[in-house]
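J.: model this:
(one chain, ligands or ions: 1)
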Amino acid sequence: MSDDQTIEYQGAATELFSTAYVRVAGGTDPPVKLESSLVVGSGTGAALTIADPLVSRVHAQLELGEDGVWVRDLGSRNGTFVEGVRVGFARVPSGGAVVVGHTRIAIEVDRETRPLWPTDRFGPLLGGSVKMREVFHRLLRVANSDAVALIHGETGTGKELVARAIHEASVRAKRPFVVVDCGAMPGNLLESELFGHAKGAFTGAVSTHLGAVEVAAEGTIFLDEVGELPLDVQPKLLRALESHTFRRIGETNYRPIRARFLTATHRNLAAMVNEGTFREDLFFRLNVLPIAIPPLRDRRDDIPLIVAEMLRARGAPPLDLPMTELSARSWPGNVRELRSFIERAVTLGAEEALAISPATRPETKVPAEHSGGAFPPVDVSRPFKDIRDEWIDHLERTYVTSALSYHGGNVTAVAEAAGLARSYVHRLIRKHGLDR
Ligand SMILES: Nc1ncnc2c1ncn2[C@@H]1O[C@H](COP(=O)(O)OP(=O)(O)OP(=O)(O)O)[C@@H](O)[C@H]1O
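T.: Predicted coordinates:
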């Protein structure tokens, strides 16, 4: 690690924050503190477990915002209600309640001071906003632990950089940091990538292959896009995390795992649990230390610092950039998009870079010839899930075909504009045979 990335802890600054306590009304359990977010459900892994047959196992998520508590329904069977209204995502009035099934969850909002990281950087990460300094303060505690962390954030928010920063601030810093992109390959290859295989384990296994768990040794394994982990590999990962042992494909003996696991996703894993595309037990096993990275649009005061540092790192002379305009943009591709913009601005000048970046393009709609035609019919005699899957298929295919055509086949540009991870766009391209 270079000198300017050395992490020195000089004690925390503090800031006054809202804090909240939630409890089941009429119950005997003590209130649960709402730190940043918590899952409510009838499943045993939920932070607020509710024994109510009308409550889904992973039902809703309570989130603490600057303006109070918000509730997000996670695709529950019977819905989430605030003030008698069924809601998808809504603010809960102070002293109010959320109703799930027959259960009323009372919310009490308080004020308290919370520690902030004292500077505007944490290893390679930049961020002077209160939100990022809160994240940085948490990262040091995560670095000092050996538990699995789940980093959640939109594409380009810096999830991989956060994982590296945790590794570099941990006692494992001098050991390997191994990245496995769970969205990049089919299940059987991914299993071999994670756990390795013996020579002759399957056709084409001409020699022994060491998986990430062995390559990482006492270092850190970063499972990127863990939400894309195929269903058949999920129990194998769960087993490895629980037992700290693994088996190379084609071998019978188990070997110890000494590495630490960090994971990241841009997906809402809790909602995937309800859809049946992610195992509930694995979700709770990964979500031991959740870290939420806010999108750039929610911490616009970080933009001038990031711009200045990226220009400095390139040795570029100061550029006359319209900071007010840059700060007003929504940056769907987050810091990655900002970085691409700066690269363009260094080469082309600020004016031209602004003119060609997607947020100022006059026409961002899909041309009519790519609008994909009619959606599949709704036949109510068929199961809802089948029809929903067909619609999602249709939407994915139409969107990706049109976006590729619009962006001249540039997958990075498609991912940036769509707010999706590049690896996920690649997956959609493969899934719908658009690469042929
Ligand atoms: N806080 C930050 N400070 C400095 N650079 C950052 C920060 N956040 C992100 N970046 C830069 O933005 C780019 C994208 O970051 P990264 O690949 O870590 O994002 P990600 O969330 O993992 O993206 P994806 O979900 O698409 O895989 C990288 O060039 C990274 O160095």
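
J.: In PDB, list the C-alpha atoms belonging to stretch 188-208.
T.: The C-alpha trace of stretch 188-208 is given here as PDB (Å, rounded to 0.1, in the frame of the first residue of the first chain):
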ATOM      1  CA  ASN A 188     -20.000 -25.400 -13.300                       C
ATOM      2  CA  LEU A 189     -17.200 -23.100 -14.300                       C
ATOM      3  CA  LEU A 190     -17.900 -20.800 -11.300                       C
ATOM      4  CA  GLU A 191     -17.800 -23.700  -8.900                       C
ATOM      5  CA  SER A 192     -14.300 -24.700 -10.300                       C
ATOM      6  CA  GLU A 193     -13.300 -21.000 -10.100                       C
ATOM      7  CA  LEU A 194     -14.200 -20.900  -6.400                       C
ATOM      8  CA  PHE A 195     -13.200 -24.400  -5.200                       C
ATOM      9  CA  GLY A 196     -10.900 -25.700  -8.000                       C
ATOM     10  CA  HIS A 197     -10.900 -29.100  -9.600                       C
ATOM     11  CA  ALA A 198      -8.800 -32.300  -9.700                       C
ATOM     12  CA  LYS A 199      -7.200 -33.500 -12.900                       C
ATOM     13  CA  GLY A 200      -9.700 -35.600 -14.800                       C
ATOM     14  CA  ALA A 201     -12.700 -34.300 -12.700                       C
ATOM     15  CA  PHE A 202     -14.600 -33.600 -16.000                       C
ATOM     16  CA  THR A 203     -14.000 -33.600 -19.700                       C
ATOM     17  CA  GLY A 204     -11.400 -30.900 -20.400                       C
ATOM     18  CA  ALA A 205      -9.900 -30.900 -16.800                       C
ATOM     19  CA  VAL A 206      -6.500 -31.800 -18.100                       C
ATOM     20  CA  SER A 207      -4.700 -30.600 -15.000                       C
ATOM     21  CA  THR A 208      -5.400 -29.700 -11.400                       C
END
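
J.: If you count neighbours, what's buried in it?
T.: 190, 191, 192, 193, 194, 195, 196, 197, 198, 201 (16 or more other Cβ atoms under 10 Å). Every residue, glycine included, has its C-beta placed from N, CA and C.

J.: Near the ligand, which residues of the stretch 251-400 of the chain are found?
T.: Within the stretch 251-400 of the chain, the positions adjacent to the ligand are 266, 306, 335, 336, 339 by Cβ under 6 Å from any ligand atom.

J.: Widest-spaced pair of those residues?
T.: For these, the maximum inter-member distance is 19.5 Å, found between 266 and 306 (Cβ to Cβ).
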